[in-house]
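A.B. asks: Attaching a predicted model along with its sequence, questions to come.
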12 protein chains.
Amino acid sequence: MKNPVYKLIELTGTSDVSMEEAVENAVKRANKTIKDLCWFQVVETRGNIEKGKVHQWQVTIKVGFAVKP
Amino acid sequence: MKNPVYKLIELTGTSDVSMEEAVENAVKRANKTIKDLCWFQVVETRGNIEKGKVHQWQVTIKVGFAVKP
Amino acid sequence: MKNPVYKLIELTGTSDVSMEEAVENAVKRANKTIKDLCWFQVVETRGNIEKGKVHQWQVTIKVGFAVKP
Amino acid sequence: MKNPVYKLIELTGTSDVSMEEAVENAVKRANKTIKDLCWFQVVETRGNIEKGKVHQWQVTIKVGFAVKP
Amino acid sequence: MKNPVYKLIELTGTSDVSMEEAVENAVKRANKTIKDLCWFQVVETRGNIEKGKVHQWQVTIKVGFAVKP
Amino acid sequence: MKNPVYKLIELTGTSDVSMEEAVENAVKRANKTIKDLCWFQVVETRGNIEKGKVHQWQVTIKVGFAVKP
Amino acid sequence: MKNPVYKLIELTGTSDVSMEEAVENAVKRANKTIKDLCWFQVVETRGNIEKGKVHQWQVTIKVGFAVKP
Amino acid sequence: MKNPVYKLIELTGTSDVSMEEAVENAVKRANKTIKDLCWFQVVETRGNIEKGKVHQWQVTIKVGFAVKP
Amino acid sequence: MKNPVYKLIELTGTSDVSMEEAVENAVKRANKTIKDLCWFQVVETRGNIEKGKVHQWQVTIKVGFAVKP
Amino acid sequence: MKNPVYKLIELTGTSDVSMEEAVENAVKRANKTIKDLCWFQVVETRGNIEKGKVHQWQVTIKVGFAVKP
Amino acid sequence: MKNPVYKLIELTGTSDVSMEEAVENAVKRANKTIKDLCWFQVVETRGNIEKGKVHQWQVTIKVGFAVKP
Amino acid sequence: MKNPVYKLIELTGTSDVSMEEAVENAVKRANKTIKDLCWFQVVETRGNIEKGKVHQWQVTIKVGFAVKP
């Protein structure tokens, strides 16, 4: 397709394991309703602490995908 | 729910009264179509001037809410 | 309408001609599904290189439009 | 007028009451010497503390206005 | 005092009323344990949403105060 | 001249044709009242949309020029 | 508690294993002297290289915790 | 190739015609000594003014290319 | 004076000696036409190189001063 | 050596496993041609998505190393 | 020590002589109460103007030091 | 030469005396291998502390120079 247009949406994925899993969870969820996800960019990394340990990794990403012409 | 995923959308609320009301108006409008709004972050504050007075406060916020698993 | 609320979406338009056309293509596409587009802001300008030449201009913009009250 | 040009100046307004009043004071003052002020953007919010209380809100804004052709 | 040195600490004040009150609450609390608070700068403004309304304003500020020589 | 001092002013130029023309229009206007303009830096690129097309390119620049000693 | 106030401190955690462990180490250390740690935000990620390999991950975070009223 | 590594270099291209030509000139020059240029990102746009007109567009870009394994 | 308003202007001072002298030169020049200069903030530090040595320090500052009520 | 000078280069490492491996791959590659790598800083984290999963982690880093006197 | 943790505090040093002395004054003061200061980063450079001259350099730095395990 | 292209490299100069000397040292070193250095921009200022004093100023700069056509 000539001159494709992409849309970017912003999601926060979470995980109690790792930053990577937090991103994967956001991507997996986006894939349920959006086809043809292309790329992501990490916007911010935060997290919750409980009992002196990281309880939840929270990684905010922008996900880009081609919109139909 | 384990490992929730959140979506962030960007809105500009307006008010002729205050920055707070501009935010409230954006949140109130988002609440009409989206359930379970969780948090917001102020992105930018601008405004219109008419006759040498602030005529409209324009506060752009990101609003986050949990998406269904 | 008193105290309108605007939504901003993020799009990457592309063109093999110019930055302006990349923006125009993103705006044109947004106009197919959204009425009353009001303004845009350029977020980032990138591009693809092939055979030592710019092959595709990629301009990411935020597009703002009034949401129904 | 076709292709108007705008100038932006930077002002810090102050108030012992609120951020909004600090902005209003800067706009009011600009209006004394400049006609046709159009818009403002908040650049920074600071303040003075005296006796453990906010004594003065200091909001720095850019104010835009059309210059004569 | 010649060549004073200042320390800056970062606090998040909260309020269910306004951004100003959130800042005031942070300043008031800092004043309990630190003397001679001098100034603050707003770093970030966020908030919690409950039942479609802003439930808590959260303003993060840096507070500066002179340290004893 | 030894150790020249420069002033920077901020302008938003507009054009219905291109980003370049928007910059040129701001520079042309500044040249009416200021001599010896030296350089510019692009600060922000925005625009108006009407009927689903870019109606006005708005490019904000800083323009630098030497001030008389 | 109504209108809690939070303090943020900045720490750099290190690890020879992963970014996550570097964060965990900073949080674990903070927990020794501060109760009720609530959240963290990643500020910067750096590291040392020795013999052509990453020898130490260095992740700077802000850690937030409620201060006593 | 599995897990390619890319290098980014920073160049300022110039043109007396347009921003796009300034980028093209930088890319064209990089292509003389580097094979397989992949992409670019615009970092900054500046320019020289002479006789009240833009005399030279100066666009700084980062150019990325795969390095040999 | 209650609720003073301040204006900020942007200047680039130069010096062949040091960054401090570049700032001093900009302040000295501003003082010729503006009374009651209050403070400055460094915005950017650049310089010219000639024959492999720093030939000119260029420090861009914002200078703030109270405007008459 | 007195007053060492360091050079920083920018690389994007990739991995289908983790952010850490992407950084390691960039460092490993740099080590092939540059001796005495000292440190790195993460500049940006992006990635490719294929079939709804993260297919490639792309971490851009700056790598610093001492240059010979 | 394996996996040391560092704390960063923010200080504003002042001097009527130079930026370097302002930094030195902040470091010297921090050294009175904190052992094993390791590094600093300049965050912001400002200053006071009196009688058209720089009266006080104000340099804000972050100072890092290892915390006890 | 029409439409020159410039390359920017990033260097960290060090000095035990001043920020200016740190910059000079980086420029001097670059001049050994690169001809026609044109300008520099300060990117970051850091330093090492030993025995409660600044032991080494570390100034990271970008240095620009014209590349051969």
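C.D. replies: Right, received. Where do you want to start?

A.B. asks: going forward, measure contacts between C-alpha atoms and count neighbours the same way
C.D. replies: Noted.

A.B. asks: All the strands of chain A, in order from the start?
C.D. replies: Ranges of strands in chain A, per DSSP state E, are A:6-15, A:37-50, A:53-66.

A.B. asks: so does the last one get close to chain G?
C.D. replies: Same thing as strand A:53-66. Yes - contact of strand A:53-66 with chain G (C-alpha under 8 Å from any C-alpha of the partner chain) involves A:53-54.

A.B. asks: about what we covered before: need the winner for burial among the strands of chain A.
C.D. replies: strand A:6-15 (a mean of 25; mean count of other C-alpha atoms under 10 Å in any protein chain shown).

A.B. asks: and the nearest residue to residue A:7 once chain neighbours are set aside, what is it in contact with?
C.D. replies: Nearest non-adjacent residue to residue A:7, counting by C-alpha to C-alpha, 6 or more residues apart in numbering or on different chains: residue C:11, 4.4 Å away. Counting by C-alpha atoms under 8 Å, 6 or more residues apart in numbering or on different chains, residue C:11 touches A:5-8, C:26, C:60-63.

A.B. asks: For residue A:65, give me its contacts.
C.D. replies: A:6-8, A:35-39.

A.B. asks: which stretch among the strands of chain A comes nearest residue K:22?
C.D. replies: strand A:37-50 (33.1 Å; C-alpha to C-alpha).

A.B. asks: The closest one pairs with which strands, and in what direction?
C.D. replies: According to DSSP bridges, strand A:37-50 forms sheet pairs with strand A:53-66 (antiparallel), strand G:37-50 (antiparallel), strand J:37-50 (antiparallel).

A.B. asks: Of the ones you listed, which is nearest residue F:17?
C.D. replies: The closest of the strands paired with strand A:37-50 to residue F:17 is strand A:53-66. By C-alpha to C-alpha, the value is 27.3 Å.

A.B. asks: can you list the weak-confidence ranges in chain A?
C.D. replies: A:1 (pLDDT under 70).

A.B. asks: Nearest to chain H within it, name that residue for me.
C.D. replies: For chain A, the residue closest to chain H is residue A:41, as judged by C-alpha to the nearest C-alpha, at 14.5 Å.

A.B. asks: hmm, back to that, turn the strands of chain A into a markdown table, columns for distance to residue K:46.
C.D. replies: Formatted as a markdown table, these follow (distance: least, C-alpha to C-alpha, whole Å):
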| stretch | distance to residue K:46 |
| --- | --- |
| strand A:6-15 | 36 |
| strand A:37-50 | 29 |
| strand A:53-66 | 34 |
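
A.B. asks: between these, which gets nearest to residue B:53?
C.D. replies: The nearest among the strands of chain A, by C-alpha to C-alpha, is strand A:6-15 at 35.5 Å.

A.B. asks: Quickly run through the sheet partners of the closest one, with directions.
C.D. replies: strand A:53-66 (antiparallel), strand B:6-15 (antiparallel), strand C:6-15 (antiparallel).

A.B. asks: can you redo those strands as CSV with distance to residue L:15?
C.D. replies: Listed next are the strands paired with strand A:6-15 as CSV, based on distance: least, C-alpha to C-alpha, whole Å:
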stretch, distance to residue L:15
strand A:53-66, 39
strand B:6-15, 46
strand C:6-15, 45
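
A.B. asks: do you know which of those lies nearest residue D:68?
C.D. replies: strand B:6-15 (29.1 Å).

A.B. asks: Now that closest one - C-alpha only, CSV.
C.D. replies: The C-alpha coordinates for strand B:6-15 follow below in CSV (Å, rounded to 0.1, in the frame of the first residue of the first chain):
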residue,chain,number,x,y,z
TYR,B,6,-4.6,0.0,31.2
LYS,B,7,-5.3,2.3,28.3
LEU,B,8,-4.5,6.0,28.3
ILE,B,9,-6.4,8.5,26.2
GLU,B,10,-5.6,12.2,25.8
LEU,B,11,-8.3,14.8,26.3
THR,B,12,-8.4,18.6,26.5
GLY,B,13,-10.9,19.9,28.9
THR,B,14,-12.0,23.5,28.9
SER,B,15,-13.5,25.9,31.4
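
A.B. asks: gap between that strand and the chain center?
C.D. replies: Taking C-alpha atoms, centre = their mean, to the nearest Å, one finds the center of strand B:6-15 at 4 Å from the center of the full chain.

A.B. asks: Then stretch A:18-33?
C.D. replies: On the basis of C-alpha atoms, centre = their mean, stretch A:18-33 sits 5 Å off its chain's mean C-alpha point.

A.B. asks: got the buried residues for it?
C.D. replies: A:18-31 (16 or more other C-alpha atoms under 10 Å in any protein chain shown).

A.B. asks: does any part of it sit near chain G?
C.D. replies: Yes - counting by C-alpha under 8 Å from any C-alpha, chain G has neighbours in stretch A:18-33: A:18-19.

A.B. asks: which outside residues touch that stretch?
C.D. replies: With C-alpha under 8 Å, 6+ apart as the test, stretch A:18-33 has contacts from A:11-15, A:37, A:45, A:57-61, A:63, B:3, B:5, B:69, G:20, J:18-19, J:52-54.

A.B. asks: With just CA atoms, put stretch A:41-55 into PDB.
C.D. replies: C-alpha atoms of stretch A:41-55 as PDB (Å, rounded to 0.1, in the frame of the first residue of the first chain):
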ATOM      1  CA  GLN A  41       8.100   2.400  22.200                       C
ATOM      2  CA  VAL A  42       8.500   2.400  26.000                       C
ATOM      3  CA  VAL A  43       7.200   5.700  27.400                       C
ATOM      4  CA  GLU A  44       7.600   5.200  31.200                       C
ATOM      5  CA  THR A  45       8.500   2.500  33.700                       C
ATOM      6  CA  ARG A  46       7.000   2.600  37.200                       C
ATOM      7  CA  GLY A  47       5.800   0.100  39.700                       C
ATOM      8  CA  ASN A  48       4.100  -0.700  43.000                       C
ATOM      9  CA  ILE A  49       5.900  -1.700  46.200                       C
ATOM     10  CA  GLU A  50       4.400  -3.900  48.800                       C
ATOM     11  CA  LYS A  51       6.100  -5.200  51.900                       C
ATOM     12  CA  GLY A  52       9.400  -3.700  50.700                       C
ATOM     13  CA  LYS A  53       9.400  -5.500  47.400                       C
ATOM     14  CA  VAL A  54       8.400  -4.700  43.800                       C
ATOM     15  CA  HIS A  55       4.900  -6.100  43.700                       C
END
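
A.B. asks: And the contacts of it?
C.D. replies: A:16, A:19, A:56-63, G:24, G:27-28, G:30-31, G:35-42, J:44-47.

A.B. asks: Please give me every residue in contact with residue A:40.
C.D. replies: Residue A:40 sits in contact with A:61-64, J:46-49, where contact means C-alpha under 8 Å, 6+ apart.

A.B. asks: Which strand residues bridge the closest residue to it other than its chain neighbours?
C.D. replies: Nearest residue to residue A:40, sequence neighbours excluded (C-alpha to C-alpha, 6+ apart): residue A:63, at 4.3 Å. When assigned by DSSP bridges, residue A:63 has beta-bridge partners residue A:9, residue A:40.

A.B. asks: hang on, residue A:63 packs against residue A:6?
C.D. replies: No - in this structure, residue A:63 is not within contact of residue A:6 by C-alpha atoms under 8 Å, at 9.8 Å.

A.B. asks: Could you tell me the end-to-end distance of stretch A:32-41?
C.D. replies: This stretch, stretch A:32-41, spans 19 Å end to end (C-alpha to C-alpha, to the nearest Å).

A.B. asks: now that stretch: how far from the chain's centre is it?
C.D. replies: 9 Å.

A.B. asks: can you check stretch A:34-49 too?
C.D. replies: Worked out by C-alpha atoms, centre = their mean, stretch A:34-49 lies 2 Å from the chain centre.

A.B. asks: again, but for stretch A:60-69
C.D. replies: On the basis of C-alpha atoms, centre = their mean, stretch A:60-69 is displaced by 11 Å from the centre of the chain it belongs to.
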